[in-house]
Structures are given as C-alpha cells and as structure tokens.
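[1] Please work out how this folds:
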Amino acid sequence: MRRWGLPSLLLALVPLLLAGGVYSLWQLSRANEWVEHTHEVRLSLAGLLSSLVDAETGARGYVITGDKEFLEPYDRGQSSWREQLAWVRTLTADNPDQQERLASLERLADERVAALAKLRSDYDAGRRGAELAAEMRDARSTMDAVRSLIAELQQEEIRLDGLRQAVAVHRWRSALWLFGVGGLVFLVVVLVAWRLRFKAEIKQRDAEERFRLMVESVKDYAIITLDREGRVTSWNRGAQEIKGWRADEIIGQHFSRFYPVEDVRAGKCERELETATRVGRFEEEAWRVRKDGSRFWANVVLNAIRDERGQLVGFTKLTRDLTERKMAEEALADEYQRRTDAERESRFAQMFIGILGHDLRNPLNAISMAARLLKKRVGSADPKVIERVSSSAQRMSNMVDQLLDLTRSRLAGGIPVERKTVDLGPIVANVIEELRLAHPGREIQWSCVDGESRCAWDPDRMAQVVSNLVGNALQHSEATTPVIVSLTSGRDDVVLSVHNQGPPIPSELLPHLFEPYRRNSVRGERSKGLGLGLFITEQVVHAHGGRIDVRSTAEEGTTFTVIMPCARHAEVAPTRRV
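    Purely as a prediction, here's the structure:
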C-alpha cells in the first residue's frame, strides 16, 4: 500500500487537478471578459464625452460665427448622447457607484443640452455678443462639471481594470501551476490558458491601439501627456496641427516651450503643475506660443494622472485653439461699442439742435422784437444804435441757422430738402430784391435767359443758396463794382452764376473753400459770420443732385457757378438728405 499509495494518490489527484485546472480556466475566461468589458465601458464613456463636446462646439461655433455648418455636429451630438448614456448604464449595471454617477451625469447633460438649445434659440431670436456672454459662461461651467464627472467614471473604470487585470493574472498563474503538476494532461490546459491569455493581451492591445488612434485622429484638440516634471511624453496629430512641432521634435522637451517668455519667467508653468497636483485639475484661457513664434488664444485643461495607489505618475494636457472665437467676440464687442457711440452721438445731435433751435433763438427773437419796437418809437434814442442792435441780432440769428444746418449735416442725418415744383426765376429775383434793399449803395445786376426753370426744388433752400452766394459776393468786392447774377436754363439742367470783381481767392484756399469754418480774409477785414455759408450752400446743391464750381483770378474776378439737373415733369420730388 505504501508502494502504490503515492502513485494512487497522484492518480487520484489527477481528476482533481484537471477539475481545478478547468475551473481556473473558466475563471480566467471570466476575468478576461471583465477586462474586455471594462475597456468597452471606457470607450463608451469617451464616445459619450465626444458627443457632448460636439454639441457644445457646434452650438458655440454657430453663436459666434453664425455659420450653420456648425449645427451638424450640434444636431449629431444632440441625437446620440442619450443612446450612448443608456448603453454605458447597461454596461455598468453591476456597479451601484457608477450608476449613481451616471444619474448625476444624466441630470448635468440634460441641463447642458437645455442650455445649448436655449443659447441657440436666443441667437436665432437676434441676441448677440454681450447679451449671450452670461449664458455661454454658465454653459461652459456646466460642461466642465460634465467633464469632471466623466473623468470620475473613467477613473473608476481604470481602478476596476487594474483589479480585473490582477485577477486575470492570478487565474492564469493558478491554471499554469495546476496544469504543470498534472503533467501532460495539464499541458493541454496550460496551452489553452496561454492561448486565452494571449488573446486577452491582443484584445487589450487592440483596445489600447483603438484608443490611441482615436486620440491621434483628433485634429481640433492638442492632446498630450507629461511626466511628473512636465516633460512631454506623447503628442497627437491635433497638437502638431495647433502648435507646429512634430512628435520627434518635442517629446522629451519641457512644456514651458508652449508659453510666452514672460509667463515662463513669472513661474506660471510651475504654478499650473502645482495646482493640478494639489486639486487634480487646472484650466484657463490665455495666450500660447507656436513653433514659429506666433501666438494663439487657447483653452488649456491640465489633469493629474494617478495610479491605483494614488501616486502621481504624470499629467494629461488638452489644448484648444480659440483665436477665431476670441477675434469674433472682440469684433462683436467693437460693433456694440460703435453702436453705443452712434446712439450717444444721435442723442447729442438732438440735444444740440434743441438748444440751438429753442434756447438760443428765443433771446435773439426777443432782441429783434425789442429793436423793432424801439425803431417805431425812436424818440430821443439814436437810430444808428437801434440799427446796430437789430443788425447784430439778425447776424446772430443767421449764425444759429447755419449751426443748425451744420449739425443736421454732420450728426442728424443731413440738411433736409423738401422739394416741390416751382419756378426758380422768381425765387432768385425776390432774394436779389431783398439784398438790394439791405444794401442800397450796391449795384446788383440780374438777368434771366429765356428758358424753363420750373423744376422740383426746395424753394426756401434755393433762396438760401442765392442769398449766401450773392451776400458773399457783396462782402468780398469793392462797393463801386457791381455783382452780376444770371440764371440760364438748358435742356436738362439750370445754371446759376454769381460774379464779382473783388480780390481773387488765394489758390491755396480754393480746395478748402467749401469746408466748414473757412473764412476768406484776403483783404484783412473782420469776418461777420462763422464761415459756414459756403459749406451749407454746397450741401444744399448736392442734396438737389447738382454741383458748385468756383473760378477766381485777378483779371476776371470771382465767379461761383451752380449747375443742377432739372426734373421738369415731376410734380413732387422725394426728400433728400446729405
């Protein structure tokens, strides 16, 4: 019995060893299934995050640029994230902690999707720029919470993956020991176990390779990893597209290469690593540097990577180029400022016109009325003093009128022109008659060549043109010389000419003659106005679709020529502003 006891015992152990080996093999298969299951959960979480990011990026791009092409990733993300969330929930049904996190994630994602839908709705409703800034900040805050929660889910799966890998290794070792002890019978089991293990490793490598290819295929994000000191350990295609370096040029270099020199000197890189190490995450929007030295506005997220024991092993760094978005936001801000300035100028114009038209004109009217009353009751008063008061009041009233016209031209949309069909000849004749009465010692020659001058004019404004030009000629010519006014009607236009034989206008003043506040003081006399008469005259002529020319020489004198088109059959022409 002693002789056969050990062999019998060994033979008796063979079925037990085979059973143990088969059991270990089955447990190894289950462990490998759990490992594969964990990888599937991680990939599904990455797909869920990608869908939410697509929806966010599409909505932001649409709001910032107005380009409807951004709505395609937004709609795609909107339609797919719930299915992906339901699939992750199914895969993690055995893990109550993950189910709790997924419930929180669903609430956050619902809030995020609702916020994006509202952001899009508000943009379609016409809200822009600063009006959407608060919503965009709130939406970004919600998205940050979504990313953080998905990172927790991923971290839990990484922890489970480590545990399940350890279980798989343990099962593999147990099977190998049993099969080795069992001899040739167990050799088959060992080979099968090795085969299963090999397949598990291939699947793991395939999963890792798919994950790597997914990261490499991302072009809109720079996804890199750093060691604990901040040196680059991996580099995706998006990093090369955004930053400019190839992987072989930058791996092993410190990530401070991406920062402006002033930030590096200020110790910003060290502070970011310290913050990410202490709280697990660091995020900011700031300027970064490309390989060629150019700068771009970037959103940077730095996350700490820890092993299953909680030891720091490195960092992941996600960078997005937001230069176009920043430029668009600045352009919106500039446009808002321009509109604000325009509204402020419009309010100022209305206020200025009100002050000129009411507050200044009222005392002038009172002065003029008092002068007229005194003139009627002259008594012992000096008529020359009364005449001087009346003349000064009239001159000040003319200045107010000119300032009103200038203000309308520059700030309030232009000098108003109300046209109606009238004959220009009598208008010119009436103005000349008034000027003759005002200047009894001056000769004004007036001629109207036969022709039709009944067109669509603003009679008051045309009288203002004639009064300004003839008054200017009287002011700048000798009292002994005549002022010659003529009106000629052509087939399609009417020509008004005002000539005087005064000193010529200097050639350097001619190009600026119609600018506001220009005064012709060639004879050294003191100007009696603001230098706005010719400016307003030109504006009125342009409002009628015409032009004004001037020619001035010592031999021929000075001639102003106004040429305006004549719409003879128009009963009433539309109002035009300049």
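
[2] switch to C-alpha atoms for all contacts and neighbour counts from now on
    Noted.

[3] Doesn't residue 548 belong to a helix?
    No: looking at residue 548 with DSSP: H, G, I helix; E, B strand; the rest coil, it is strand, so not inside a helix.

[4] Quick check: beta-bridge partners of it?
    Counting by DSSP bridges, residue 548 forms beta bridges with residue 562.

[5] With residue 421 as the reference, measure out to it.
    Separation of residue 548 from residue 421 (CA to CA, to the nearest Å): 22 Å.

[6] same thing with residue 437?
    For residue 437, the distance to residue 421 (CA to CA) stands at 28 Å.

[7] in the protein, which strand has the most residues?
    Longest strand of the chain, by residue count under DSSP state E: strand 295-306.

[8] Not counting that strand itself, show me its contacts.
    272-273, 276-277, 280-290, 312-323, 326 (CA atoms under 8 Å, 6 or more residues apart in numbering).

[9] Following it in sequence, what is the next regular element?
    The helix or strand immediately downstream of strand 295-306 is strand 312-321, counting by DSSP states H and E.

[10] Make a PyMOL selection of the buried ones in the contacts of strand 295-306.
    For anyone working in PyMOL, the buried entries among these, judged by 16 or more other CA atoms under 10 Å, can be selected with:
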select buried, resi 272+273+276+277+280+281+282+283+287+288+289+290+314+315+316+317+318+319+320+321+322
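
[11] so what's residue 514 closest to, chain neighbours aside?
    Leaving out its chain neighbours, the residue that sits closest to residue 514 by CA to CA, 6 or more residues apart in numbering is residue 535, at 4.6 Å.

[12] Verify the contact between the one you found and residue 516 for me.
    Yes: assessed by CA atoms under 8 Å, residue 535 is found in contact with residue 516 at 5.4 Å.

[13] Walk me through the domains of the protein.
    According to automatic domain parsing, the chain comprises the domains 1-217, 218-321, 334-410, 420-565.

[14] Would you single out the least confident of the ones you listed?
    Note on the domains of the chain: domain 334-410 shows the lowest mean pLDDT, a mean of 61.

[15] In the stretch 451-578 of the chain, mark out all the helices, start to finish.
    459-475, 533-543 (DSSP state H, counting those that start in this stretch).

[16] in the longest one, what counts as buried?
    Going back to what we said before, that points to helix 459-475. 459, 461-474.

[17] C-alpha coordinates for it, PDB please?
    What follows is helix 459-475 as a C-alpha-only set of coordinates in PDB (Å, rounded to 0.1, in the frame of the first residue of the first chain):
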ATOM      1  CA  PRO A 459     -37.700 127.000 -52.600                       C
ATOM      2  CA  ASP A 460     -36.500 128.000 -49.200                       C
ATOM      3  CA  ARG A 461     -33.200 126.200 -49.600                       C
ATOM      4  CA  MET A 462     -32.700 127.600 -53.100                       C
ATOM      5  CA  ALA A 463     -33.300 131.100 -51.700                       C
ATOM      6  CA  GLN A 464     -30.700 130.300 -49.100                       C
ATOM      7  CA  VAL A 465     -28.200 129.300 -51.900                       C
ATOM      8  CA  VAL A 466     -28.800 132.600 -53.800                       C
ATOM      9  CA  SER A 467     -28.600 134.700 -50.600                       C
ATOM     10  CA  ASN A 468     -25.400 133.100 -49.500                       C
ATOM     11  CA  LEU A 469     -23.600 133.400 -52.800                       C
ATOM     12  CA  VAL A 470     -24.800 137.000 -53.600                       C
ATOM     13  CA  GLY A 471     -24.100 138.100 -50.000                       C
ATOM     14  CA  ASN A 472     -20.600 136.500 -50.200                       C
ATOM     15  CA  ALA A 473     -20.000 138.500 -53.400                       C
ATOM     16  CA  LEU A 474     -21.200 141.700 -51.900                       C
ATOM     17  CA  GLN A 475     -19.000 141.200 -48.800                       C
END
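
[18] for it, packing partners?
    Applying 3 or more CA pairs under 8 Å, 6 or more residues apart in numbering; DSSP states H and E, one finds that helix 459-475 contacts helix 424-438, strand 483-489, strand 493-500, helix 533-543.

[19] any chance you could map the helices in the stretch 1-150 of the chain?
    Using DSSP H, counting those that start in this stretch, helices in the stretch 1-150 of the chain cover 2-65, 71-91, 96-124, 130-181.

[20] Please identify which of those is closest to residue 259.
    For those, proximity to residue 259 was assessed by CA to CA; helix 130-181 is nearest, at 23.4 Å.

[21] which residues does residue 259 contact?
    Counted by CA under 8 Å, 6+ apart, residue 259 has contacts 287, 288, 289.

[22] Please flag which of those sit within strands.
    Checking those against DSSP E, those in strands are 287, 288, 289.
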